[in-house]
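Student: Mind looking at a prediction? Sequence and model below.
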Amino acid sequence: MRAAVCRAFGAPLAIEELVLAAPGPGEVAVAVEACAVCHSDIAYADGAWGGALPAVYGHEAAGRVTAVGAGVRGFAAGDRVLVTLIRACGHCPACAGGAPTSCDHAWDAGPSPLRDAGGPTVAP
């Protein structure tokens, strides 16, 4: 896949070929057909909030599901989906109470599924 990669805060993004791992349990792979670059993305790329580098930003996207991981229900290859910034586990008290934006485990995603051509991880 091609993505705009931030390798240094405040520097121009570089369009690079990345490798996306197959979806694991509870995950879906999405072929992004449209992606917005919002103020949050610009702030991240400028280093306003820190974070791991290299990174790919763009949390407002639309596309189609290309593959589903084990245990995924309600989605199938070809489904149109929206991608948002909200990360939620779906099981903690906040998620169970209808407040996924306050998820206790939102950033416990584990290792990144993105790698660059040389093999190193790229943060999603």
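Tutor: On my side now, so go ahead.

Student: buried ones in the longest helix along the chain?
Tutor: What stands out as the longest helix in the chain, according to DSSP state H, is helix 39-46. Neighbour-count burial for helix 39-46 flags Asp41, Tyr44, Ala45 (criterion: 16 or more other C-beta atoms under 10 Å). Placement of C-beta: from N, CA and C, glycine included.

Student: and it, average pLDDT?
Tutor: The pLDDT scores in helix 39-46 average 90.

Student: which element follows that helix toward the C-terminus?
Tutor: Using DSSP states H and E, the next helix or strand after helix 39-46 towards the C-terminus is strand 55-56.

Student: following that next one, which helix or strand comes up?
Tutor: strand 60-68.

Student: which non-adjacent residue is nearest Ala3?
Tutor: Closest residue in space to Ala3, ignoring its immediate chain neighbours: Val56 at 4.6 Å, by C-beta to C-beta, 6 or more residues apart in numbering.

Student: Turn the buried residues of helix 39-46 into a markdown table, columns for distance to Pro120.
Tutor: Below are the buried residues of helix 39-46 laid out as a markdown table (distance: C-beta to C-beta, whole Å):
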| residue | distance to Pro120 |
| --- | --- |
| Asp41 | 22 |
| Tyr44 | 19 |
| Ala45 | 19 |
